[in-house]
Each structure stands twice: as structure tokens, then as C-alpha cells.
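# sequence? don't have it. structure:
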């Protein structure tokens, strides 16, 4: 396939996130799973932001600094059997004058209208704004989100204090999050000895009180799946490998890369492949094998010619 034909396809076709869900919704159980929200930056270090409106400068958790690229915000759904697919996404566009949180609320509202009925919603601390949490609460959703260490909470009707000042047992602590309601707070200490804080909310207060560390660990582990997805679309699906500048063409490329991931995930779920990286490795091995065999033949032919010439000279 020529480079020009690919570019013509990207410039011609138009897709939106609902097209992605429509293609796969019959192959996954959209009721009772976990809906995770997060974002990633697709690095484009050699692109000129003045020539492509979707390319800008964003904070990268991977690089721990501001980098040049495209910011992709995704809702990633994991069903009860562990099958996982992206069900909605946005490409950050500074021309729309929206925040990542604005995009997240739009996407959550959309997927609920499309028939996704999650048991749990998870996000990291970047998406724990009060507007986001109120939306989830008003929709009657259970959620687990990271929160900043300075968020204000109160215990048993006492004074508000920053969550980092609390003595939080392993089993979690029931608190009142300011302007929201009762939540259970959990703390995780990481290898660098830094603490991160998370809250779990259920509409039923009695059930919230009974939440266990095991349940927290289970849903926190499921949320990690979206990080694995981000890695796969970059390393396997070529989401950063495009040579177009117009917004619509870039959006079409992103749709195709994400659609390629969903196909790999469905193949994995059906045990046609062991993991997302298997197809890529097999293709590389096949190409390498053909290359080696081709050049071995050339080398063998060269040896035969050399011997023939040597015999003629003698």
C-alpha cells in the first residue's frame, strides 16, 4: 500500500468514538464492569504545533515534564470476564476551550446514553474535581478515584482537615469529603515512600462503611489496565506514526489505531493470541527470517560465482 493511498484514506474518511463502540458492543458485556478514565500524551517531538492544531505542549507522566505531542483522553471499559476495550475518547483541542475534566464528563454522559452500565468508575487524582465527583454521584455510580493530599475531609462531624493529616488504617477510614458526602479513604505507600490517597463512594452509606481493603485493591488493579492500554497503542498499534497535519486526518488515524487495539484484545479474549504483543513479534520474526534467508542465498550465490571464476582462472 502506497503512502499516498494511506494519506487519501485519512483525509477522506470520518469516524467518531461511537463508531468504535458500535463495532464491538456485541462482543463484550457492557453491564456490571469497570469504567476507567485517564489520559496519555502521544509524543510528536519533531512536529510543528503551528501547523497542526491538535499538537501542543502537555505534561507527561512518563517523562515527568512538559512535552510536545497530542493528548488523548480515554474511557476504558473492563467487563466481568476481564475483556477490556476503549469505549469513548477525545483528542484534546485547544480551539474548543475545554479542560480534560470537561471532556471526561461529556464522555461519561455519552457512554451511559449508549448503553454502558458500569458497576464502578475509576480515575486518578487529575480527574477528582468536585464537578466530576458530583456528576458520578448524581448518576448513582459507584466510584474509586485518587485525590490530592490536601483535599479537605472531616471525621464524625469534626473540623475539616487535609487528608494527609489523617491516621488511615489498612482497612480504610470513613470520612466526609467537603461538599460531596461520605466516602471511605484508603492510602497506598509506594517504593519512593510517597503516599497516595484514594476515595471510594457508594450510594448506600452502610455498604460504604463495610468496604474492605481487598475490594479497594481489586478495583485499583483493574484501573491499571488503562495504563497497559496506553502502552500498547503506542508500541503495537502505531498511534504516533502518522505524516498528516489536518485535524480530521489525525482523528481518522487515531480511530484506526484504537480500532486495531480492540481487535487485538478480542483476539486475546478468544485465545487466538496470548497477548497484544504476539502478533507484532510474529511479524518481526517473519520479516527477519525472510531477510536473513534472502541474504544467505545472495551470499551463497556469490560464493558459487567466486569459485567458478577462480576455477576458470586456474
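Everything's here; your move. In this text, all values refer to a predicted model and were calculated from it rather than measured experimentally. Numbers count the residues shown, from 1 in each chain.

# Looking at strand pairing, list the partners for the closest residue to residue 225 other than its chain neighbours.
In space, residue 225 comes closest to residue 84 once its chain neighbours are excluded; the distance is 5.2 Å by C-beta to C-beta, 6 or more residues apart in numbering. Quick note: C-beta positions are derived from backbone N, CA and C, even for glycine. When bridges are called by DSSP bridges, residue 84 pairs up with residue 78.

# Report the contact partners of residue 84.
Contact analysis of residue 84 by C-beta atoms under 8 Å, 6 or more residues apart in numbering lists 76-78, 225, 229, 265.

# how about the helices of the stretch 101-250 of the chain, start to end?
Remark: helices assigned in the stretch 101-250 of the chain by DSSP state H, counting those that start in this stretch are 130-138, 205-209, 213-223, 225-235, 247-269.

# Give me the buried positions along the fourth one.
When you say that, I think you mean helix 225-235. For helix 225-235, burial by neighbour count (16 or more other C-beta atoms under 10 Å) applies to 225-226, 229-230, 232-234.

# Poorly predicted segments of this structure, please.
1-7, 9-11, 193, 280-314 (pLDDT under 70).

# hmm, 50 instead?
For the chain, applying pLDDT under 50 flags no range at all.

# if we can go back for a sec, ok, so what distance separates the residue nearest to residue 225 from residue 36?
Distance, residue 84 to residue 36, by C-beta to C-beta, to the nearest Å: 9 Å.

# Equivalent analysis for residue 109, please.
Distance, residue 109 to residue 36, using C-beta to C-beta: 16 Å.

# how distant is stretch 133-153 from the center of its chain?
With C-alpha atoms, centre = their mean, to the nearest Å as the basis, stretch 133-153 stands 20 Å off its chain's centre.

# repeat for stretch 73-87
Relative to the centre of its chain, stretch 73-87 is centred 9 Å away, using C-alpha atoms, centre = their mean.

# Equivalent analysis for stretch 37-45, please.
Worked out by C-alpha atoms, centre = their mean, stretch 37-45 lies 9 Å from the chain centre.

# What lies in contact with it?
55, 58-62, 67-76, 92, 100, 104, 107-108, 121-124, 126-127, 223, 226-227, 230, 234, 239-240.

# and if we set it to 6 Å?
Stretch 37-45 is contacted from outside by 55, 58, 60, 67-73, 75, 100, 104, 123, 127, 226, 230, 239-240, using C-beta atoms under 6 Å, 6 or more residues apart in numbering.

# cool, and stretch 124-142?
37, 101, 104-105, 120-121, 143, 145-148, 179-180, 202-203.

# Just the buried ones from those residues?
37, 101, 104-105, 120-121, 143, 145-147, 180, 202.

# those strands in the chain, which residues are they?
Listed in chain order, the strands of the chain (DSSP state E) span 34-43, 56-60, 65-78, 84-91, 120-123, 142-147, 152-154, 161-162, 173-177, 181-189, 195-201.

# Backbone dihedrals for residue 16, both of them.
Per-residue torsions, residue 16: phi -130, psi 170 (degrees, to the nearest 10).

# repeat for residue 180
Residue 180 adopts backbone torsions of phi -130, psi -60, taken as degrees, to the nearest 10.
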